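Asker: Sequence isn't available, so here's the structure alone:
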Ligand SMILES: Cn1c(O)c(C(=O)NCC(=O)O)c(=O)c2ccccc21
Ligand SMILES: [Mn+2]
């Protein structure tokens, strides 16, 4: 019956979730970086890409950061453009499905990832590199304990060929000689520690490159960061000279 089919499908999904979670725990704790290919399958991946392209066409993305182009002096070109979604917005149902699927993996792993107690996450940041040879310079996502402990990135780029499209993510794990070069492949899910262990950069892209990022919070580090921020903010009250620095864009 369809009820039995439904039940067996759920149990297949449940066991796949556990298998992925076990792999993520081992891989993250060993290398600090973990790649899961074919995370949601071709059709669900396509639906998520359709949602993202829909947002892009409806002008929901910010105006890309201006970047000086190497080619000609003081010619400004468009860098990455981003938008933040909760997933409950109209036209984001499939993005919501992705966020819930990554939440399910993380909560299944919780307690076994480093010594983190994962208590929450940011909204999803959807990024598009328009493909005019811009990338993202080398950086650490969370250099100063803002609470983010794990970066998760889901890539949406079909038939991506790094030889002509570029856009490789290069991670330089702290204290190690090896460099991880990650292709931004369709339906690929990536996890890495958000702190100084993983400086990384996005190489220039020559084709439009889409990715959805969610950062997960460690409870203790996040609560300390919020306390510091509130103390800082209160000081700002009777000291109009101090400006308020947002914690991280899109963070709750
Ligand atoms: C557009 N974009 C990013 O692409 C990365 C990043 O590290 N991306 C890695 C990747 O896409 O492979 C970021 O970390 C990032 C942080 C704040 C705002 C925008 C940002
Ligand atoms: Mn980053």
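Answerer: That came through fine. For clarity, every value in this text was computed on a predicted model and none was experimentally measured. Ligands and ions are numbered 1, 2, ... in the order given.
Asker: got the residues of the stretch 101-250 of the chain near ligand 1?
Answerer: Residues of the stretch 101-250 of the chain found near ligand 1 (C-beta under 6 Å from any ligand atom) are 127, 136, 141, 153, 169, 184, 200, 202, 211. (C-beta placed from N, C-alpha, C; glycine too.)
Asker: make it 8 Å
Answerer: Neighbours of ligand 1 within the stretch 101-250 of the chain, by C-beta under 8 Å from any ligand atom: 125, 127, 129, 136, 139, 141, 151, 153, 155, 167, 169, 182, 184, 190, 200-202, 209, 211, 213, 249.
Asker: Among these, name the ones in strands.
Answerer: Among these, DSSP state E puts 125, 127, 129, 136, 139, 151, 153, 155, 169, 182, 190, 200-202, 209, 211, 213 in strands.
Asker: picking up where we left off before, buried subset of the residues of the stretch 101-250 of the chain next to ligand 1 as a ChimeraX selection?
Answerer: Here is the ChimeraX command that picks out the buried ones among these, judged by 16 or more other C-beta atoms under 10 Å:
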select :125,127,129,136,141,151,153,155,167,169,182,184,190,200,202,209,211,213
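Asker: Let me see the ranges of the helices in the protein.
Answerer: For the chain, the helices defined by DSSP state H occupy 2-31, 42-57, 93-109, 162-165, 219-237.
Asker: And the first one, what does it pack against?
Answerer: Contact here means 3 or more C-beta pairs under 8 Å, 6 or more residues apart in numbering; DSSP states H and E; on that basis helix 2-31 packs against strand 33-36, helix 93-109, strand 188-193.
Asker: Just to check, residue 64 is in contact with residue 76?
Answerer: No: with contact defined as C-beta atoms under 8 Å, residue 64 and residue 76 do not form a contacting pair (10.0 Å).
Asker: more crowded one of the two?
Answerer: Using other C-beta atoms under 10 Å, the more surrounded residue of residue 64 and residue 76 is residue 64, with 19 against 11.
Asker: Run through the residues that contact the more buried one.
Answerer: Taking C-beta atoms under 8 Å, 6 or more residues apart in numbering, we find residue 64 in contact with 78, 79, 80, 81, 130, 134.
Asker: can we see that at 7 Å?
Answerer: Residues in contact with residue 64 (C-beta atoms under 7 Å, 6 or more residues apart in numbering) are 78, 79, 80, 81, 130.
Asker: Chain neighbours aside, what residue packs nearest to the first one?
Answerer: For residue 78, ignoring the flanking residues on the chain, the nearest one in space by C-beta to C-beta, 6 or more residues apart in numbering is residue 64 at 3.8 Å.
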